[in-house]
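1. Let me see the structure of the following:
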Amino acid sequence: MWWCTAALSSQVKAKLHQRAQSLKLQLERVQQGSQGFTDQLCELQRELADTKTHTSHDEQEKVEIMERLVSEKQLEAEKIIHNSQIAALEMEHTNLIGEKEKLLADVQQRSQKEAAELKEMCQDLRKSQNSLYKEKEALQTKSQNLEAGMLEKKKKLQCKGVKHKQQLACIAEEAEES
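-> Numbers count the residues shown, from 1 in each chain. From the prediction side, this is the model:
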């Protein structure tokens, strides 16, 4: 019986051994599968990280490109604005130069007109001065002549006054004598 038991035991042992081998193979397959799965999972995680990195990097590049484009558009807009301002300033400068030239021409024309008027006025004043000088000389000569005539008449009157006093004195003497 013991051999039966031993045979049974050998059979059980063999079955158990077989079962253990089978489980061991299954375990190895599962472990290999699990390892493969783990490897696949790690690979997928790496790919996901790489994808995220690339996506982040790509998105970052897209953001940078968009920022550069916006910056360029802003620069272009500023350039257009500056060019417009420059054109406006140049036009204003041209207008101011035109106004300045017109004012200078007006001033020059007025100055020439005023100079001509002043010149004419000076000539008139010189003529007037010459005329007044001649009139003054004539009046001085007339005044001197009148003064000389008055002195002569005064002398004559004095002489007549003396003669008249003498005549009165003579008349008074004759009246006293008579």
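2. and the helix or strand containing residue 118, what does it pack onto?
-> Assigned by DSSP states H and E, residue 118 falls within helix 2-177. Counting contacts by 3 or more Cβ pairs under 8 Å, 6 or more residues apart in numbering; DSSP states H and E, helix 2-177 packs against no other helix or strand. Heads up, the C-betas are built off the backbone N, CA and C, glycines and all.
3. Offset the numbering so it begins at 51, please.
-> Okay, residue one is now 51; in that scheme the one you just asked about reads as helix 52-227.
4. what's the average pLDDT for that helix?
-> Taken as a whole, helix 52-227 has a mean pLDDT of 81.
5. For residue 184, give me its contacts.
-> Counting by Cβ atoms under 8 Å, 6 or more residues apart in numbering, residue 184 makes contact with nothing.
6. measure it to residue 177 for me?
-> Remark: distance between residue 184 and residue 177 (Cβ to Cβ, to the nearest Å) = 11 Å.
7. How about residue 93?
-> For residue 93, the distance to residue 177 - Cβ to Cβ - is 122 Å.
8. Please apply the same query to residue 149.
-> 41 Å.
9. same question, residue 161
-> Per Cβ to Cβ, residue 161 is found 24 Å from residue 177.
10. Over to residue 115?
-> To residue 177, residue 115 is 91 Å away according to Cβ to Cβ.
11. same deal with residue 128?
-> In terms of Cβ to Cβ, residue 128 sits 72 Å off from residue 177.
12. Check residue 75 too.
-> Residue 75 is 147 Å from residue 177, by Cβ to Cβ.
13. Equivalent analysis for residue 132, please.
-> The gap separating residue 132 from residue 177 is 66 Å, by Cβ to Cβ.
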